[in-house]
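Engineer: Prediction below, plus the sequence it came from.
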Amino acid sequence: MRVLVTGGAGFIGSAVCRQLVLEAEASVVNVDKLTYAANLASLASIDGTSHYRFEQHDICDQEAVTRLFYKWEPSAVIHLAAESHVDRSITGSATFISTNIVGTYTLLESARRYYEGLSSQRQRQFRFIHVSTDEVYGSLGPVDCFREDTPYRPSSPYSASKAASDHLALAWYKTYGLPVIVSNCSNNYGPFQFPEKLIPLTILNAIEYKSLPVYGDGSNVRDWLHVDDHAAGLIRLLFEGRAGEKYNFGGDSERSNLEVVTQICDVLDRLRPGPAARRSLISFVPDRPGHDARYAIDASKARSELGWQPTRSFERGLADTVEWYLASGTWWARARNMVYDGSRLGLPATQH
Ligand SMILES: NC(=O)c1ccc[n+]([C@@H]2O[C@H](COP(=O)([O-])OP(=O)(O)OC[C@H]3O[C@@H](n4cnc5c(N)ncnc54)[C@H](O)[C@@H]3O)[C@@H](O)[C@H]2O)c1
């Protein structure tokens, strides 16, 4: 099986590429533009193997993307390339519209033309997995959780652009019969995550005894899933997922942002004790505009149809992640020193 993975130099995409090559014994063609969020070092364990190839392209480039399909003749696509950071989408939404919406459209069109020329046997095997987020569903109150039929109510430019791309993907199934599957996943954490998201940013600031910003009062709740469990779910979709369907993935690990930050402080105090308890570094900062209160996932469809379930507790996974960042300074130093220094993004100009 040869899988064309988009965004494979990013956080989740690199986990998917590593798992496909090292565990599923599939071949991977990684198509990535290499934006600020990419890091090819995340692929060091598979780079140079005969099962892995890299192609640097923008998914908005129709000609290049079409050429890749005929050059590599993939039996499936896992589409992860995206602008993925909510705060950046508030500061500047243009690239979110072009990559997440136009880029997805471009990829769907190239895939459709390629798919229509395949033999019926290869058509039966072909899958286009469109990787999306639970943020498309909007904000939950204290009870209830997102199911696959929950209506879309995106709040941020990021989630609105992902919602648009989900609709395009399913329209390409309904209208053209392209065997698309949409996955909507909760917040991911784990190794190789670019240090602007909550968990890696907090870990690095806490290692360096810098202030630990918590938005608002820290009560916003997210459901955390380890990135390797998400990657395993996406690979199951290739074999067990039904075309035209949506699948939610979540970790059954709801935590408030404040709980996550204090837990990281406590793990680091244990692993690398310092001059003071790191909880004293927590500082409450102005909230994100349009900040969703709570996300929670009902993943029973993925459990029953795919035989998938998360394999790590959040406590174990978080401790492993902290240990990974402590041991992997060479991986994150470039991003931290040259790409993003941890300063606040996503506030209207008057609040800076
Ligand atoms: N991180 C999460 O918690 C989470 C949760 C659910 C779903 N998702 C979705 O999973 C996917 C991957 O998320 P991530 O956290 O790994 O993102 P990421 O920002 O770490 O990686 C995105 C990758 O896409 C590439 N890319 C961006 N624009 C491109 C373009 N125009 N052409 C080609 N490549 C381009 C980047 O270079 C980068 O390597 C996204 O679609 C995101 O919406 C993420």
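Structural biologist: That came through fine. Here the structure is a predicted model, which means the values were calculated and not measured.
Engineer: who's in contact with Glu109?
Structural biologist: Counting by CB atoms under 8 Å, 6 or more residues apart in numbering, Glu109 touches Gln62. (C-beta placed from N, C-alpha, C; glycine too.)
Engineer: how near is it to Trp172?
Structural biologist: Distance of Glu109 to Trp172, given as CB to CB, to the nearest Å: 8 Å.
Engineer: Asp134 too?
Structural biologist: On the measure of CB to CB, Asp134 and Trp172 end up 22 Å apart.
Engineer: same thing with Val5?
Structural biologist: For Val5, the distance to Trp172 - CB to CB - is 19 Å.
Engineer: neighbour count winner among the two?
Structural biologist: Val5 (28 against 23; other CB atoms under 10 Å).
Engineer: so that one touches Ser27, yeah?
Structural biologist: No: Val5 is beyond contact range of Ser27, at 10.5 Å (criterion: CB atoms under 8 Å).
Engineer: tally of neighbours for the closest residue to the ligand within the stretch 1-150 of the chain?
Structural biologist: Using CB to the nearest ligand atom, the closest approach of the stretch 1-150 of the chain to the ligand is made by Gly10 at 1.9 Å. Look at Gly10: counted by other CB under 10 Å, it has 25 neighbours.
Engineer: Show the model's pLDDT score for it.
Structural biologist: pLDDT, Gly10: 98.
Engineer: which residues touch it?
Structural biologist: Contact analysis of Gly10 by CB under 8 Å, 6+ apart lists Asp32, Ala37, Ala38, Leu80, Ala81, Ser84, Phe194.
Engineer: what about the third one, helix or strand, and which?
Structural biologist: For Ala38, there is no helix or strand it lies in under DSSP states H and E.
Engineer: On the three-state scheme, the residue nearest to it when sequence neighbours are not counted is what?
Structural biologist: Closest residue to Ala38 apart from its sequence neighbours, by CB to CB, 6 or more residues apart in numbering: Ala9 at 3.7 Å. At Ala9 the chain is in coil, as set by DSSP: H, G, I helix; E, B strand; the rest coil.
Engineer: burial measure for Ala9, as a count.
Structural biologist: When neighbours are defined as other CB under 10 Å, Ala9 has 27 of them.
Engineer: Phi first, then psi, for the residue of the stretch 1-150 of the chain closest to the ligand.
Structural biologist: phi -90, psi -170 (degrees, to the nearest 10).
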